[in-house]
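**Q** The following comprises the amino acid sequence and a computationally predicted model.
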Amino acid sequence: MVGTSANSLLVSGYQPIVAIVAALLFAYSSGDVFSPSTGNDQTQETTETTVVWDGPTLAAIKAGLTQGSIDPSRLDTLVSIAEDMLATPSASVMDKTLLPASGDKHDYHTRAPYFWPNPDTPDGLPYVKRDGELFEENRSGTDHPSRRVMDSKIQTLALAYYLTDEERYAEGAADQLQRWFLDSETAMNPHMKYSQAVPGIMNGSEWGSIDNWNWPTLLDAVRLIRPSVHWSDADDAALKDWFAAYRDWLESSPLGERYDLMWNNHATFFDAQRAAIALFLEQPDRARKILSESWHRRIDHGIEGDGRQRYELERTRSFAYSNFNLRAYMTLAAIGDDVGVDLWNHLGKDGSGIRTAIDFLSPYADSTAIWPFLDIKFDRSAIMTTMHWATIAYGDSSYRERLLGLPNYHLLRGARRAHSADLLYLFLDL
C-alpha cells in the first residue's frame with residue numbers, strides 16, 4: 001500500500017548536474033522509514049501546491065533545520081552551491097552558436113546525442129546512429145549546455161529560497177525564468193521543433209521533447225518562489241501563457257503527434273510533462289484524463305507481467321533506461337496523487353504495474369547479480385533512485401536494504417551529495 005502525500009518525491013536527474021532532481025524526500029532511523037519530526041504544526045509553511053516535490057516533507061525539512069533536528073551544516077553546502085549559481089549568468093537560447101534550420105535563435109536547438117558522423121562519406125553526412133554511445137560534439141554550440149544551467153539554477157535557487165527565506169535566491173531564480181521564458185529579447189519560443197536534430201537527416205526529431213523531461217520538477221520550483229516579492233502575479237500569468245502555448249504545440253504539432261505514438265521513455269515523459277503542465281495551468285480534469293490514458297497506454301503496454309519494460313530492454317543501455325523510464329512512471333504516479341488517480345498500485349490484467357517493474361529491477365542492486373540484457377555501459381548505481389523512491393512510496397524498507405548490496409554504496413551516496421542534482425540528499429539520513 002502506498003503511503004500518504006510522501007509519495008510525491010523528487011525525481012532523480014539522469015545526468016548528475018542536470019537539476020535538483022535526484023533527492024528523495026525521506027529518511028531512515030535504525031533502518032526504518034520515518035517522516036522527519038515536524039514539531040509544532042504552526043511552525044511549518046505550506047507547500048501543498050507542489051506536485052513532484054512533496055510539500056509536507058519539504059516543510060518538515062525546513063522545520064528540522066529550524067528546530068535543530070537536522071544538522072544545519074547540511075544547509076551550508078546548499079547555500080554554497082546556490083551562491084555559485086547566483087554568480088553564474090542566467091542562461092538563454094541566445095547563448096548558442098549553432099543555429100537551427102529556421103535561423104531563429106529563439107528556437108530551441110539540440111542534436112540527437114547518439115548519432116555520429118558517417119565514416120563512409122566525405123562530409124560525414126548523413127549521421128549514423130550508435131545507440132547508447134554519446135557523441136559529445138553534438139552538444140557543442142547547441143542549447144544543451146544552457147538548458148542544463150537553466151534547469152539547475154532555477155531549482156537550486158528556489159530550494160535555497162524556500163529553506164532560507166533569503167530573497168536574493170528567489171530573485172536569481174526569477175531572473176533565470178525571465179531570461180529563458182519571458183524576456184522578449186531572450187525567450188525560447190514555446191516549441192521543440194528543432195530539438196534533437198540529426199545532421200543530414202532531419203532538422204528536429206520525435207525524440208526532442210525528452211530534453212524537457214525534468215520540467216514537472218521545474219514547475220514545482222516556480223511554486224516555491226511564488227511568495228517572493230521578485231515573482232509577481234503578472235510573471236506567473238505570463239509563464240502560464242508560455243506553458244499553455246508549449247502544451248498546445250506538444251499536443252497538436254506533427255512532431256507532438258509522433259511523440260504520442262512512441263512507446264518507450266520518450267512517451268512516458270511526454271505524458272508526465274503534459275500532466276504536470278495541466279496542473280500548473282489549474283486544469284486537474286485534464287491532468288486526470290492524461291493519467292487515465294497513461295494507465296493503459298504506457299503502463300499496461302510498456303510493462304510486462306513479470307515487470308520487464310519491453311521497450312527499454314531493446315536499448316543498448318537497457319538497465320539505465322529501465323531505471324530512467326521508471327522515473328517517468330513514478331512522476332506520473334506522484335502527479336496522480338494530486339488528482340485521485342492511483343498509479344502506484346495499478347495492475348494490468350497480467351499483473352503489470354509500477355511496483356512489478358521495480359521488483360523486476362531490484363535484485364540487480366546486488367553486486368553479485370548479473371544483468372541478463374545488453375547494456376554497453378552497465379552502471380549498477382542507476383538503480384539508486386528507483387530503490388530510494390520505492391522505499392517511501394510503498395513503505396517497504398526492503399528496497400532500501402537492496403542498496404546495501406551496491407559496490408561502494410556509501411561512497412556513491414556521499415559523492416552524489418556534491419552534485420546539484422542531489423542536493424536534497426544533504427538533508428536526509430540515508
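**A** Ah, there it is. Numbers count the residues shown, from 1 in each chain.
**Q** Which residues are in contact with residue 269?
**A** By C-beta atoms under 8 Å, 6 or more residues apart in numbering, the contact list for residue 269 reads 209, 210, 213, 328, 331. C-beta coordinates here come from the backbone N, C-alpha and C atoms, glycine included.
**Q** Among those, which one lies nearest to residue 282?
**A** residue 331 (19.1 Å; C-beta to C-beta).
**Q** Let's verify that closest one: helix, strand, or coil?
**A** The three-state label given to residue 331 by DSSP: H, G, I helix; E, B strand; the rest coil is helix.
**Q** I'd like the distance between the residue lying farthest from the centre of the chain and residue 116.
**A** What lies farthest from the middle of the chain is residue 122; by C-alpha atoms, centre = their mean that is 39.3 Å. Going from residue 122 to residue 116 by C-beta to C-beta, to the nearest Å gives 15 Å.
**Q** got it, and residue 126?
**A** According to C-beta to C-beta, residue 126 and residue 116 sit 11 Å apart.
**Q** Between these two, which is the more surrounded one?
**A** residue 116 (17 against 14; other C-beta atoms under 10 Å).
**Q** Can you tell me the closest non-neighbouring residue to that one?
**A** With sequence-adjacent residues excluded and distances taken as C-beta to C-beta, 6 or more residues apart in numbering, residue 116 is closest to residue 135, at 4.8 Å.
**Q** The one you found: how many residues sit nearby?
**A** 15.
**Q** Hmm, residue 113 and it touching each other?
**A** Yes: if you go by C-beta atoms under 8 Å, residue 135 and residue 113 touch, sitting 6.6 Å apart.
**Q** Could you give me the buried positions within stretch 195-202?
**A** For stretch 195-202, burial by neighbour count (16 or more other C-beta atoms under 10 Å) applies to 195, 196, 197, 198, 199, 202.
**Q** Go through these and name the one nearest residue 313.
**A** Among the buried residues of stretch 195-202, residue 196 lies closest to residue 313 (C-beta to C-beta), at 22.0 Å.
**Q** which residues sit in contact with the closest one?
**A** Applying C-beta under 8 Å, 6+ apart, the residues near residue 196 are 110, 111, 112, 113, 204, 205, 207, 208, 210, 211.
**Q** can you dump the C-alpha coordinates of the helix or strand hosting it into PDB?
**A** According to DSSP states H and E, residue 196 maps onto strand 194-197. C-alpha atoms of strand 194-197 as PDB (Å, rounded to 0.1, in the frame of the first residue of the first chain):
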ATOM      1  CA  TYR A 194      14.400  21.800 -33.800                       C
ATOM      2  CA  SER A 195      15.300  19.600 -30.800                       C
ATOM      3  CA  GLN A 196      17.500  16.500 -31.300                       C
ATOM      4  CA  ALA A 197      18.100  17.200 -34.900                       C
END
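**Q** Return the list of helices and strands in contact with the following helix or strand past that strand.
**A** Using DSSP H and E, the next helix or strand after strand 194-197 towards the C-terminus is helix 215-225. Where contact means 3 or more C-beta pairs under 8 Å, 6 or more residues apart in numbering; DSSP states H and E, helix 215-225 is packed against helix 144-164, helix 167-177, helix 233-252, helix 265-280.
**Q** and those as a markdown table, adding mean pLDDT and distance to residue 89?
**A** Converted to a markdown table, those look like this (pLDDT from 0 to 100; distance: least, C-beta to C-beta, whole Å):
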| stretch | mean pLDDT | distance to residue 89 |
| --- | --- | --- |
| helix 144-164 | 95 | 9 |
| helix 167-177 | 98 | 9 |
| helix 233-252 | 98 | 20 |
| helix 265-280 | 97 | 26 |
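**Q** so which of those gets nearest residue 320?
**A** Going by C-beta to C-beta, the one of the helices and strands packed on helix 215-225 nearest residue 320 is helix 265-280, 10.2 Å.
**Q** what about the strands in the chain?
**A** 27-29, 32-34, 109-111, 115-116, 128-129, 194-197 (DSSP state E).
**Q** which other residues reach the third one?
**A** Pointing back at strand 109-111 there. Strand 109-111 is contacted from outside by 93, 96, 98-100, 138-139, 142-144, 147, 194-199, 204, 208, 211, using C-beta under 8 Å, 6+ apart.
**Q** buried subset of these?
**A** Counted by 16+ other C-beta under 10 Å, those give 93, 96, 100, 138-139, 142-144, 147, 194-199, 204, 208, 211 as buried.
**Q** mind listing the helices in the stretch 1-150 of the chain by residue range?
**A** Taking DSSP state H, counting those that start in this stretch, the helices of the stretch 1-150 of the chain run over residues 55-67, 73-87, 144-164.
**Q** buried sites along the first one?
**A** This points to helix 55-67. Neighbour counts over helix 55-67 (16+ other C-beta under 10 Å) mark 55, 56, 57, 58, 59, 60, 61, 62, 63, 64, 65 as buried.
**Q** Farthest pair within the residues you listed?
**A** 55 and 65 (16.0 Å).
**Q** ok so, going back, quick one: contacts for the residue nearest to residue 116?
**A** By C-beta under 8 Å, 6+ apart, the contact list for residue 135 reads 113, 114, 115, 116, 117.
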